[in-house]
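*Asks:* turn this into a model:
(one chain, ligands or ions: 2)
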Amino acid sequence: MFKVKTLNNISQEGLSLLGGNYIITAEDPNPDAILLRSFKMHDMELPESVKIIGRAGAGVNNIPIEEYAAQGVVVVNTPGANANAVKELVILGLLLSSRKVISGINWAKSQQDNPEVDKLIEKEKAKFAGQELTGKKIGVIGLGAIGVLVANAALSLGMEVYGYDPFVSVESAWGLSCDVKRALSLDEIIGECDYITLHVPLIDQTKNMINAERLKKAKPGLRLLNFARGALVSNDNIKAAMESGDLACYVTDFPDQELLQLDNVIGIPHLGASTAESEENCARMAVHEIKEYLENGNIVNSVNYPDCYMGISSTPARIGITHKNIPNMVGQITSSLAKDNINIGDMLNKSKGEFAYTLLDVDSKVTLDSIDRLEKIAGVLKVRIIKNEN
Ligand SMILES: NC(=O)c1ccc[n+]([C@@H]2O[C@H](COP(=O)([O-])OP(=O)(O)OC[C@H]3O[C@@H](n4cnc5c(N)ncnc54)[C@H](O)[C@@H]3O)[C@@H](O)[C@H]2O)c1
Ligand SMILES: O=C(O)[C@H](O)COP(=O)(O)O
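*Replies:* Ligands and ions are numbered 1, 2, ... in the order given. Predicted structure coming up:
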């Protein structure tokens with residue numbers, strides 16, 4: 001029996017895939033896995049029992065992934081599972097930043113007791129005129145799962161699309177329309193575009209990426225959309241750019257009190273991934289990844305360990321070892337097993353940055369003493385018996 005602790009509400013359709021061998025808990029102090037959305041884990045003490053953390057979503061800035069890697073805990077996310085939901089909200093954001101529908105609707109509602117409102121409408125509507133998207137230039141920053149969908153959708157709205165992503169994956173590049181123009185730097189497009197939309201992860205290198213200097217170069221009347229993370233742009237810079245008239249509108253899925261006080265900010269309460277379809281997709285994918293790791297030791301879509309897949313074990317025992325990516329780890333692991341007369345039938349060793357994973361199928365049952373010896377090897381972080389039969 002495995003215990004999965006949830007730190008946020010997770011789609012029931014996804015949770016139901018865990019099946020009868022799992023207990024879903026919000027309270028248990030010693031779970032095998034943690035499943036969450038945006039819950040901030042930075043101040044949380046992680047129980048020793050936790051082997052894997054599943055982020056039902058894309059962003060992992062709410063999880064100390066390096067710290068957990070150093071504890072031998074694998075963190076996985078669900079790439080692309082909520083991308084369509086975000087893309088659709090970005091399209092809405094483009095329209096809301098272009099047409100004064102929010103103020104128009106609010107004005108109309110304020111006239112609900114006015115029997116003459118239909119006559120007033122024709123007079124008042126001039127206050128709510130906007131601009132069209134067709135023919136305008138948009139810069140899409142970050143061409144991953146979301147950025148590619150947004151760039152392609154913007155083309156179909158008749159926009160001229162520039163994409164910027166120095167680390168674009170081959171898979172993303174295949175998904176991107178050849179009509180998207182490649183920008184070699186952010187500065188190259190900030191002065192050209194009528195709209196800029198951000199789709200990068202929040203990491204040290206992207207924090208405050210739309211800084212004061214860049215906003216000063218912006219085309220006057222720029223509309224900036226941020227459905228990625230608030231800290232990619234600072235409030236002070238948004239304020240200054242609005243005061244100078246360079247920034248006409250800031251649409252953000254991450255508003256705070258200061259931003260909500262500004263007239264030209266459209267603040268959405270982090271609804272990018274909040275559709276039934278996306279919540280279900282994310283939960284299904286995260287549950288699949290957690291099951292693969294707990295039941296088979298396979299790592300799928302990890303952000304702090306290498307992906308590693310050996311299917312279902314057909315030997316008597318399987319052992320999974322998270323360890324540091326340093327010389328002679330495989331040598332020490334295999335000779336420790338050899339000393340215990342345990343033959344290795346199959347194995348995989350993969351590394352990612354400072355950390356590595358070794359998955360071994362062995363031809364006989366392993367004893368707790370053998371596991372103890374593996375745990376004592378310097379650099380080994382966690383050893384798990386995934387399967388152990390006679
Ligand atoms: N508002 C929401 O509800 C919501 C939902 C999903 C994701 N997000 C946010 O959006 C981000 C992107 O999501 P995704 O699913 O597209 O992720 P992704 O990993 O598929 O794509 C991110 C892309 O950003 C690129 N990138 C990284 N650093 C860059 C830089 N300095 N300049 C330009 N490009 C850079 C990467 O190469 C990658 O192609 C997530 O990390 C998350 O923070 C928000
Ligand atoms: O990074 C993400 O996937 C989004 O920000 C969605 O977060 P949520 O699951 O808390 O809605």
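
*Asks:* please enumerate the helices of the stretch 251-390 of the chain.
*Replies:* 257-260, 276-291, 329-339, 368-375 (DSSP state H, counting those that start in this stretch).

*Asks:* deepest-packed of those helices, please.
*Replies:* Highest mean neighbour count among these (mean count of other C-beta atoms under 10 Å): helix 276-291, with a mean of 22. From N, CA and C alone the C-beta is placed, and that goes for glycine too.

*Asks:* who does that one touch, helix- and strand-wise?
*Replies:* Using 3 or more C-beta pairs under 8 Å, 6 or more residues apart in numbering; DSSP states H and E as the contact test, the elements touching helix 276-291 are helix 12-15, strand 33-36, strand 52-55, strand 74-76, helix 83-98.

*Asks:* next, give phi and psi for the single nearest residue of the chain relative to ligand 1.
*Replies:* Residue nearest to ligand 1 within the chain: Gly144 (1.7 Å; C-beta to the nearest ligand atom). Phi and psi for Gly144, reported as degrees, to the nearest 10, are phi -100, psi -150.

*Asks:* which residue comes closest to it once chain neighbours are left out?
*Replies:* Closest residue to Gly144 apart from its sequence neighbours, by C-beta to C-beta, 6 or more residues apart in numbering: Ser172 at 5.8 Å.

*Asks:* what's the answer for Ser234, then?
*Replies:* Once flanking residues are discounted, Ser234 sits nearest to Asn208: 5.4 Å by C-beta to C-beta, 6+ apart.

*Asks:* SS state for the one you found?
*Replies:* Following DSSP: H, G, I helix; E, B strand; the rest coil, Asn208 is assigned to coil.

*Asks:* now the helices for the stretch 51-200 of the chain?
*Replies:* Using DSSP H, counting those that start in this stretch, the helices of the stretch 51-200 of the chain run over 65-70, 83-98, 101-110, 117-124, 145-156, 170-175, 186-190.

*Asks:* most tightly packed of the ones you listed?
*Replies:* helix 145-156 (a mean of 23).

*Asks:* elements contacting it?
*Replies:* Packing partners of helix 145-156 (3+ C-beta pairs under 8 Å, 6+ apart): helix 83-98, strand 137-141, strand 160-164, helix 170-175.

*Asks:* please list the residues of the stretch 151-300 of the chain that sit near ligand 1.
*Replies:* Within the stretch 151-300 of the chain, the positions lying close to ligand 1 (C-beta under 6 Å from any ligand atom) are 164-169, 172, 199-202, 205-206, 227-229, 253, 270, 272-273.

*Asks:* near ligand 2, from those?
*Replies:* Filtering those for proximity to ligand 2 (criterion: C-beta under 6 Å from any ligand atom) leaves 270, 272-273.

*Asks:* list the contacts for the residue nearest to the spatial centre of the chain?
*Replies:* Residue closest to the mean C-alpha point of the chain, counted by C-alpha atoms, centre = their mean, is Ala58 at 1.5 Å. Under the criterion of C-beta atoms under 8 Å, 6 or more residues apart in numbering, the neighbours of Ala58 are 77-83, 145-146, 201, 273.

*Asks:* before we move on, back to that, turn the helices of the stretch 51-200 of the chain into CSV, including mean pLDDT and distance to Asn343.
*Replies:* Below are these laid out as CSV (pLDDT from 0 to 100; distance: least, C-beta to C-beta, whole Å):
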stretch, mean pLDDT, distance to Asn343
helix 65-70, 98, 30
helix 83-98, 98, 45
helix 101-110, 97, 69
helix 117-124, 95, 83
helix 145-156, 98, 42
helix 170-175, 98, 38
helix 186-190, 93, 55
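
*Asks:* dump the residue contacts of the residue nearest to Gly144.
*Replies:* Per C-beta under 8 Å, 6+ apart, neighbours of Ser172: 143-145, 147-148, 165.

*Asks:* count of neighbours near Ile386?
*Replies:* 18 (other C-beta atoms under 10 Å).

*Asks:* before we move on, the earlier item: between the contacts of Ala58, which sits nearest ligand 2?
*Replies:* Here the nearest of the contacts of Ala58 to ligand 2, counting by C-beta to the nearest ligand atom, is Ala273; it sits at 3.7 Å.

*Asks:* got a list of what the closest one touches?
*Replies:* Taking C-beta under 8 Å, 6+ apart, we find Ala273 in contact with 37, 57-58, 82, 85-86, 279, 282.

*Asks:* which non-adjacent residue is nearest it?
*Replies:* Asn82 (3.8 Å).

*Asks:* I figured that neighbour was touching Gly59, is that so?
*Replies:* No - counting by C-beta atoms under 8 Å, Asn82 stays clear of Gly59, with 9.9 Å between them.

*Asks:* quick one: common contacting residues for those two?
*Replies:* With C-beta under 8 Å, 6+ apart, Asn82 and Gly59 have no common neighbours.

*Asks:* who has more neighbours, the two?
*Replies:* A side-by-side neighbour count of Asn82 and Gly59, using other C-beta under 10 Å, places Asn82 first with 26 against 17.

*Asks:* other SSEs contacting the helix or strand harbouring Arg214?
*Replies:* Following DSSP states H and E, one finds Arg214 within helix 212-216. Contact here means 3+ C-beta pairs under 8 Å, 6+ apart; on that basis helix 212-216 packs against helix 186-190, helix 235-243.

*Asks:* quick one: residues contacting Val86.
*Replies:* 146, 149-150, 199, 227, 272-273, 278.

*Asks:* closest one of the residues you listed to ligand 2?
*Replies:* Using C-beta to the nearest ligand atom, the contacts of Val86 come closest to ligand 2 at Ala273, 3.7 Å.

*Asks:* having no further points to raise, I will conclude here.
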